[in-house]
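K.L.:
sharing a sequence plus its predicted fold:
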Amino acid sequence: MAVGDAGGFEVEGDQVEVAERAGGEHRAAMLPESAAGSNPESLRRPAAPDASRRLLPGDARVRRRRDDAPAPRGPGGAGPGRRAEMRLRRAAGRSPPPPPTSPPIARGRMSKRTLAILFGALALIGLADASYMAWDHYQHAIDPAYGGGLCGVESGCDISRGASGEILNGILTHGVPLAVIAMAFYVAFLLTTFFRLRRPDDRAPARVQLGLAALAVVYSLSLATYSLIVQGTLCKLCAVMYVVNILLLGVAWRGLGEPIGTWLRRVWGAIPRLTTVAMTATFIAATVAIYALYALRVDSVLAARIDTPVTTLRTEGRPSKGPADAPVQLVEIADLECPHCGHLFNAVEEVAAARPDDLRVTFVHFPLDKACNPALKQDFHRNACWLARVADCAGRQGKFFEATKILFERQRAGSNNDELLGLIAELGVDRAGLEACVASEETAKRILADIQQGLDLEISGTPVFFINGHRLSGARSPKVLNELIDQAMKEAATR
């Protein structure tokens, strides 16, 4: 008689029968009754020489015959042995075990497709923003009075137009706009995204991307701090790139899905990889190519030509040098805190020294400083009005051009006002008289008269200069200036 049920095994008399149906056969192993109530380890001993062990429900084990090789499993892992086990479970009222599943995706990781979409969209937004800023920088380089687009004076993003928005300014004829470097960065970032798509099991591109995004965020925070503290405003289009870089960092971090410590240990190993080499080469090549196109375009637009209408200017009493009856009259309108004005001033000084009989140079102030320029409502060049008064007063003592050269050079080096006054005094200028002149109302009126003339000429940016009344904008090299002067002399000779 059956005295118990052991999870699908019948216990009868002095025996325990373990039934298994496999391949259409019934096999039974007769075990001593003492084994049924003893430690399951005792069930490992076979009751017959040809029996083999196999794990079955209820921790009962029997042994298959040694010459009975297991049948191969199918695609789902359900060979004959597994089917028999499932039938035994159903016979005992127990549900079959679930089929094997693939390992779950780690939490916090994004799918390859999602990452590609996010990286591509963010990099393209950043590239479009940087491209617009590079175009606006180009427009300002060929015409400092340009006020169109989104970056007119006092817009906030106009601070990216000048020397603060360039590197290698003074080394190259045209400084490299930071927007050009940003364009190359986003192109390189898109390349690393391509590597990730092509090699999804390689984490080196992901680690490199995280490093790039981290560097971009650090650089963005540095520029934003400089803009707010030093320039007093935040470039709006720059802020778009700052946000894009922060989002890139967040997506790169989620996409990598490894602790920061692991990334710090392994990112250095990813540097010599092909991904990093290709990314670096792309960044450098893109920077050089984009800048070359930018510089060539600027040079072609700023080529020597005089084809503008003749304008009459008021130059009486303004600082001048050269023969009054010189065939070429050059009037320079500039801001002493404007680096491009400094480039033009130096070029004019070089040409004037080489052609003393051909050229007369006159200087007119147009400081882009709301302290004395009524056209400005926000801070731009905060010290330009004071610098204009200092230069004007040094001119009253016969040292205008020498003092102006010092002011252009030293204010960029970070000299404070007291140091500048000391340097000008070393030219032989009486410092007490200089300081009294700077503070006088008469000096302020002279600077305001210059500004008013600039406003009458609808000048909104500097430098602007006139050659025999023909208006031109932007800095020029000595070579181009010489060509312009030659054209002006030929034109004067035909009158």
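P.N.:
Ah, there it is.
K.L.:
just the strands in the protein please.
P.N.:
Remark: strands assigned in the chain by DSSP state E are 2-5, 10-12, 15-22, 25-32, 54-55, 61-62, 166-167, 176-177, 320-321, 328-334, 359-365, 464-467, 470-473.
K.L.:
shaky segments in the stretch 51-200 of the chain?
P.N.:
51-110, 142-164, 169-171, 173 (pLDDT under 70).
K.L.:
try it again at 90.
P.N.:
Low-confidence segments of the stretch 51-200 of the chain (pLDDT under 90): 51-117, 119-120, 132-179, 188-200.
K.L.:
go on, the stretch 301-450 of the chain?
P.N.:
In the stretch 301-450 of the chain (pLDDT under 90), the answer is 301-310, 337-341, 343, 376-383, 409-418.
K.L.:
show me what contacts residue 217?
P.N.:
Applying CB atoms under 8 Å, 6 or more residues apart in numbering, we find residue 217 in contact with 245-246, 249. Quick note: C-beta positions are derived from backbone N, CA and C, even for glycine.
K.L.:
export those residues to CSV and tack on distance to residue 121, neighbour count and pLDDT?
P.N.:
Output for those, formatted as CSV (distance: CB to CB, whole Å; neighbours: other CB atoms under 10 Å; pLDDT from 0 to 100):
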residue, distance to residue 121, neighbour count, pLDDT
245, 14, 26, 95
246, 15, 16, 96
249, 15, 20, 93
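K.L.:
list the helices and strands the longest helix anywhere in the chain packs on?
P.N.:
When the chain is parsed with DSSP state H, its longest helix is helix 112-142. Packing contacts for helix 112-142, counted by 3 or more CB pairs under 8 Å, 6 or more residues apart in numbering; DSSP states H and E, involve strand 176-177, helix 178-198, helix 236-256, helix 274-301.
K.L.:
and with 6 Å instead?
P.N.:
Using 3 or more CB pairs under 6 Å, 6 or more residues apart in numbering; DSSP states H and E, the elements in contact with helix 112-142 are helix 178-198, helix 236-256, helix 274-301.
K.L.:
in that helix, which residues are buried?
P.N.:
115-116, 118-119, 122-123, 125-127, 129-134, 136-141 (16 or more other CB atoms under 10 Å).
K.L.:
quick one, domains of the protein?
P.N.:
2-68, 112-301, 320-493 (automatic domain parsing).
K.L.:
neighbours of residue 441, just the number please.
P.N.:
Counted by other CB atoms under 10 Å, the residues lying close to residue 441 total 7.
K.L.:
same check, this time on residue 229
P.N.:
Count around residue 229 with other CB under 10 Å applied: 8.
K.L.:
can you check the pLDDT for it?
P.N.:
Listed pLDDT for residue 229 reads 83.
K.L.:
residue 223 versus that one, what's the distance?
P.N.:
11 Å (CB to CB, to the nearest Å).
K.L.:
ok, now residue 356?
P.N.:
Here residue 356 is placed at a distance of 44 Å from residue 223 (CB to CB).
K.L.:
those two: which is more packed in?
P.N.:
Using other CB under 10 Å as the criterion, residue 356 and residue 223 rank with residue 223 on top: 20 against 12.
K.L.:
run a quick neighbour tally on the residue nearest to that one when sequence neighbours are not counted.
P.N.:
In this structure, residue 223 finds its nearest non-sequential neighbour in residue 238, 6.5 Å apart by CB to CB, 6 or more residues apart in numbering. Residue 238: 23 surrounding residues under other CB under 10 Å.
K.L.:
same check on the one 4 residues further on?
P.N.:
In terms of burial, residue 242 registers 20 neighbours under the definition other CB under 10 Å.
K.L.:
just checking, it touches residue 220?
P.N.:
Yes. Counting by CB atoms under 6 Å, residue 242 touches residue 220, with 4.1 Å between them.
K.L.:
now, which of the contacts of residue 217 sits nearest residue 480?
P.N.:
Nearest to residue 480 among the contacts of residue 217 is residue 245, at 37.9 Å by CB to CB.
K.L.:
look up how far residue 168 lies from that closest one.
P.N.:
According to CB to CB, residue 245 stands 22 Å off from residue 168.
K.L.:
ok, now residue 454?
P.N.:
From residue 454 to residue 168 the distance is 30 Å (CB to CB).
K.L.:
same check on residue 118?
P.N.:
To residue 168, residue 118 is 34 Å away according to CB to CB.
K.L.:
equivalent analysis for residue 123, please.
P.N.:
For residue 123, the distance to residue 168 (CB to CB) stands at 25 Å.
K.L.:
also residue 446?
P.N.:
36 Å.
K.L.:
who's more crowded, these two?
P.N.:
More crowded of residue 446 and residue 168, by other CB under 10 Å: residue 446, with 20 against 10.
K.L.:
so how far is residue 391 from the more buried one?
P.N.:
Taking CB to CB, one finds residue 446 at 11 Å from residue 391.
K.L.:
going by neighbour count, list what's buried in stretch 447-460.
P.N.:
Neighbour counts over stretch 447-460 (16+ other CB under 10 Å) mark 447, 450-451, 453-454, 457, 459-460 as buried.
K.L.:
out of those, which is nearest to residue 419?
P.N.:
Taking CB to CB as the measure, residue 447 is the one of the buried residues of stretch 447-460 closest to residue 419, at 21.7 Å.
K.L.:
so the closest one touches residue 388, yeah?
P.N.:
Yes. Contact status for residue 447 versus residue 388: in contact at 5.0 Å, counting by CB under 6 Å.
K.L.:
list residues touching both of those two?
P.N.:
residue 365 (CB atoms under 6 Å, 6 or more residues apart in numbering).
K.L.:
what about residue 251, distance to residue 119?
P.N.:
6 Å.
K.L.:
again, but for residue 429
P.N.:
60 Å.
K.L.:
can you check residue 489 too?
P.N.:
As judged by CB to CB, residue 489 and residue 119 stand 58 Å apart.
K.L.:
now swap in residue 181 and tell me
P.N.:
Counting by CB to CB, the gap from residue 181 to residue 119 is 19 Å.
K.L.:
equivalent analysis for residue 128, please.
P.N.:
From residue 128 to residue 119 the distance is 15 Å (CB to CB).
K.L.:
please apply the same query to residue 334.
P.N.:
Applying CB to CB to residue 334 and residue 119 gives a distance of 45 Å.
K.L.:
phi first, then psi, for the nearest residue to residue 433 once chain neighbours are set aside.
P.N.:
Excluding the flanking residues, the one nearest residue 433 by CB to CB, 6+ apart is residue 397, at 7.0 Å. According to degrees, to the nearest 10, the main-chain angles of residue 397 amount to phi -110, psi 20.
K.L.:
could you shift the numbering so residue one becomes 3, and keep it that way?
P.N.:
Yes, from this point I'll number from 3; that puts the last item at residue 399.
K.L.:
my read: residue 399 touches residue 433, true?
P.N.:
No. Counting by CB under 6 Å, residue 433 is not a contact partner of residue 399; they are 10.4 Å apart.
K.L.:
switch the domains of the chain over to CSV; also include distance to residue 316.
P.N.:
Formatted as CSV, the domains of the chain follow (distance: least, CB to CB, whole Å):
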stretch, distance to residue 316
domain 4-70, 106
domain 114-303, 19
domain 322-495, 6
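K.L.:
of all these, which lies closest to residue 309?
P.N.:
Across these, residue 309 has its closest neighbour in domain 322-495 (7.7 Å, CB to CB).
K.L.:
contacts only, for residue 363.
P.N.:
323-324, 332, 350, 354.
K.L.:
cool, and residue 322?
P.N.:
Applying CB under 6 Å, 6+ apart to residue 322 gives the contacts residue 364.
K.L.:
perfect, that will be all.
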